[in-house]
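J.: got a sequence here, can you build the structure:
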Amino acid sequence: MATGTSMTHLDTPIGADLHAMLKRAAEIRGVAMTDFVVAAVQEAAQRTIAEAEVIRLSLADLERFAAAILSPPPPSPALERAFARRRDLLGGE
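T.: Reported below is the predicted structural model:
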């Protein structure tokens with residue numbers, strides 16, 4: 001373990017069947033049950049965060065997105081008013 005790392009404990013009750021499953025899986029991997037559980041939880045947490053943060057597009061959606069970026073539509077009247085208000089408030093361009 002890295003030195004200087006703050007440690008905390010996670011204590012949760014689990015059923016006997018799950019405990020036996022975790023113990024068996026840890027034995028198969030040749031690691032302590034605690035190490036197995038920590039690694040599995042970390043993988044699940046990383047996967048969950050990545051799934052929430054990554055946007056996946058179909059090829060058709062990707063092509064529409066790229067087309068909108070490369071050839072954006074003209075600004076709407078509301079956007080024109082917003083830009084004018086910004087210029088009035090902040091000056092510039």
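J.: can you give me the mean pLDDT across the longest helix along the chain?
T.: Longest helix in the chain, counting residues (DSSP state H): helix 33-53. Per-residue pLDDT over helix 33-53 has a mean of 96.
J.: walk me through the domains of this structure.
T.: Per automatic domain parsing, the structural domains of the chain span 16-53, 59-90.
J.: in the first one, what counts as buried?
T.: Using 16 or more other Cβ atoms under 10 Å as the test for burial, domain 16-53 gives Leu22, Ala26, Phe36, Val37. Where you see a C-beta, it was placed from the backbone N, CA and C, and this is true even at glycine.
J.: counting contacts, what elements does the helix or strand harbouring Ile28 pack onto?
T.: Using DSSP states H and E, Ile28 maps to helix 16-29. For helix 16-29, the packing partners by 3 or more Cβ pairs under 8 Å, 6 or more residues apart in numbering; DSSP states H and E come out as helix 33-53.
J.: quick one: contacts of the helix it packs on?
T.: Leu10, Leu22, Lys23, Ala25, Ala26, Arg29, Val31 (Cβ atoms under 8 Å, 6 or more residues apart in numbering).
J.: next one: it to chain centre, how far?
T.: Its chain's C-alpha centre and that of helix 33-53 lie 12 Å apart, by Cα atoms, centre = their mean, to the nearest Å.
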